[in-house]
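Peer 1: Predicted model follows, preceded by the sequence.
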Amino acid sequence: MTKRTMKDMRKTANREIKHIFVYGTLMQGFPNHELFLAGQYLERRPGYIKGRLYHLNYGFPAITDGNGEVKGEIYLVKNMEKLLPALDYLEDYNQPGQEDLYKREKRETRDAKGNIILCYVYIWPRDRLAELDKIGTHIAHGDWAKFMEESQNATG
């Protein structure tokens with residue numbers, strides 16, 4: 001593994017983000033995929049991010065910082081400038097006069113081949129971590145789609 005220089009880190013910090021990492025209702029096969037992502041991307045591939053995954057009682061997931069592995073999808077977006085306002089609205093991010101439901105952050109993700117890809121991802125706010133145990137269930141295996149399938153099978 002090579003050492004990253006300050007110059008390399010500045011390049012990474014300043015480069016345009018072209019990918020988004022999704023781990024819940026925006027994944028293929030879930031309702032928000034068709035509403036927000038269909039036709040908006042050039043490529044979709046499985047991906048992973050470090051974190052801790054919860055299923056919220058509201059019917060959707062949230063990621064927090066953590067050492068676990070969360071499974072999702074990485075999308076190479078056609079026009080990030082056009083897509084982000086719609087996703088920010090969906091995720092209740094930076095809504096004037098309101099508390100954000102999620103924060104949009106730049107995070108390193110990994111695809112199935114081990115390539116590191118810098119993506120936008122919506123993360124549960126650090127200042128609201130105490131709420132999670134009251135309003136959510138930790139998903140230890142880190143795969144929300146699998147959790148939803150298991151939940152559906154358990155209820156019939």
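Peer 2: All right, it came through fine.

Peer 1: part of a helix, is residue 131?
Peer 2: Yes. Residue 131: assigned to a helix according to DSSP: H, G, I helix; E, B strand; the rest coil.

Peer 1: neighbours around it, how many?
Peer 2: For residue 131, the count of nearby residues is 14 (other CB atoms under 10 Å). (C-beta placed from N, C-alpha, C; glycine too.)

Peer 1: Kindly report the same for residue 53.
Peer 2: Neighbours of residue 53 (other CB under 10 Å): 28.

Peer 1: again, but for residue 93
Peer 2: Residues lying near residue 93 (other CB under 10 Å) number 20.

Peer 1: How about the contacts made by it?
Peer 2: Residues near residue 93 by CB atoms under 8 Å, 6 or more residues apart in numbering: 87, 100-104, 122.

Peer 1: rerun that using 7 Å as the cut-off
Peer 2: 100, 102-104, 122 (CB atoms under 7 Å, 6 or more residues apart in numbering).

Peer 1: for the residues you listed, which one is nearest residue 62?
Peer 2: Lowest distance from residue 62 to the contacts of residue 93 (CB to CB) belongs to residue 102, with 7.2 Å.

Peer 1: Checking the residue nearest to the closest one when sequence neighbours are not counted next. Helix, strand or coil?
Peer 2: Excluding the flanking residues, the one nearest residue 102 by CB to CB, 6 or more residues apart in numbering is residue 122, at 4.0 Å. Put simply, residue 122 is strand when judged by three-state DSSP.
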